[in-house]
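K.L.:
Sequence first, predicted coordinates after that:
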Amino acid sequence: MSATRVCALSELEQDTARRVEVDGVPMAVVLDGNGEVHAIGDTCTHGDISLSEGFVEGDTLECWAHGSAFSLSTGRPLNLPAYEPVPVYAVTIDGDDVLIDPAVRKEVN
Ligand code: FES
């Protein structure tokens, strides 16, 4: 499938995660302090918790349940108890539209 519009860029609040779903895939979309938009898998890898209900701290999104903070760039948890990464999706900005294709994962090192 092709990229789907998930929201308007102007709707995103800086340093606040927004839950979106594309083709049944839940994602957390974050506009960071540098104006960059990130999309990572919304489900914490430690438990069935929506990461978009957590807290944005710098370039991480922290799970409210037990405090694992996931990198918005790599999807990796930076602290326990989670140890598996969440997927990172490529985001395309087209004018004021935020587009994501769930089939396209961002290359991370
Ligand atoms: S459910 Fe997210 S850290 Fe435990």
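P.N.:
On my side now, so go ahead. Numbering: from 1, shown residues only.
K.L.:
check contacts around residue 108.
P.N.:
73-76, 88 (Cβ atoms under 8 Å, 6 or more residues apart in numbering). All C-beta atoms are positioned from the backbone trio N, CA, C, and that covers glycine.
K.L.:
give the contact list for the nearest residue to residue 44 once chain neighbours are set aside.
P.N.:
What sits nearest to residue 44 in space, not counting adjacent residues and going by Cβ to Cβ, 6 or more residues apart in numbering, is residue 63, at 4.5 Å. Applying Cβ under 8 Å, 6+ apart, we find residue 63 in contact with 44, 46-47, 49, 51, 54, 69-70, 82.
K.L.:
Name the residues of this structure found near the ligand, please.
P.N.:
44, 46-47, 49, 63, 65-66, 68, 81-82 (Cβ under 6 Å from any ligand atom).
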